[in-house]
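coordinates only, sequence not included:
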């Protein structure tokens with residue numbers, strides 16, 4: 001495989017609201033950066049995020065998804081701060 005090629009991986013991710021599992025086709029660059037993703041399991045859709053593949057159930061409202069996304073962001077920001085403090 002050429003080092004400049006993207007690679008596709010099927011990953012399992014939980015809904016950011018309720019945790020229901022979905023299969024996602026994820027495309028990563030040769031530098032392992034997220035290029036794009038698509039939910040391939042029925043009943044879910046992608047939640048836009050530049051750095052990670054995220055998914056939510058189609059049954060959740062936009063408000064529920066936004067609240068869960070904000071909570072997810074704040075939790076990940078805290079984890080990043082904790083990792084930096086350990087270094």
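That came in fine, so what should we check first? Bear in mind the structure is a predicted one, so any value in this text is a computation, not a measurement.

low-confidence stretches in the protein?
Scanning the chain for pLDDT under 70 picks out 1-4, 78-87.

which stretches of it form strands?
7-14, 21-28, 34-39, 44-47, 54-57 (DSSP state E).

buried ones in the third one, by neighbour count?
Residues of strand 34-39 classed as buried under the neighbour-count rule (16 or more other C-beta atoms under 10 Å) are 37, 39. (Each C-beta comes from the backbone N, C-alpha and C, glycine too.)

now the angle from that strand to strand 21-28?
150 degrees (axes from the mean of the first three to the mean of the last three C-alpha atoms, to 10 degrees).

partner strands of strand 34-39, parallel or antiparallel?
As defined by DSSP bridges, the strand partners of strand 34-39 come to strand 21-28 (antiparallel).

what sits up against the strand it pairs with?
6-15, 34-41, 43-44, 46, 53, 55 (C-beta atoms under 8 Å, 6 or more residues apart in numbering).

that one vs strand 7-14, what angle?
150 degrees.

in strand 21-28, what's buried?
22-24, 26, 28.

likewise for stretch 46-57?
Those buried within stretch 46-57 under the rule 16+ other C-beta under 10 Å are 46-47, 53-57.

I'd like the strands of the chain as CSV, with distance to residue 74 appended.
Converted to CSV, these look like this (distance: least, C-beta to C-beta, whole Å):
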stretch, distance to residue 74
strand 7-14, 18
strand 21-28, 23
strand 34-39, 20
strand 44-47, 15
strand 54-57, 14
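
ok, which of these comes nearest residue 72?
strand 54-57 (7.4 Å; C-beta to C-beta).

and that closest one, how far from the chain's centre?
8 Å (C-alpha atoms, centre = their mean, to the nearest Å).

contacting residues around that strand?
Against strand 54-57 from outside (C-beta under 8 Å, 6+ apart): 13-18, 20, 22, 24, 39, 43-48, 65, 68-69, 72.

can you rerun that using 10 Å?
Applying C-beta atoms under 10 Å, 6 or more residues apart in numbering, the contact partners of strand 54-57 are 11-24, 37-39, 41, 43-48, 62, 64-66, 68-69, 72.
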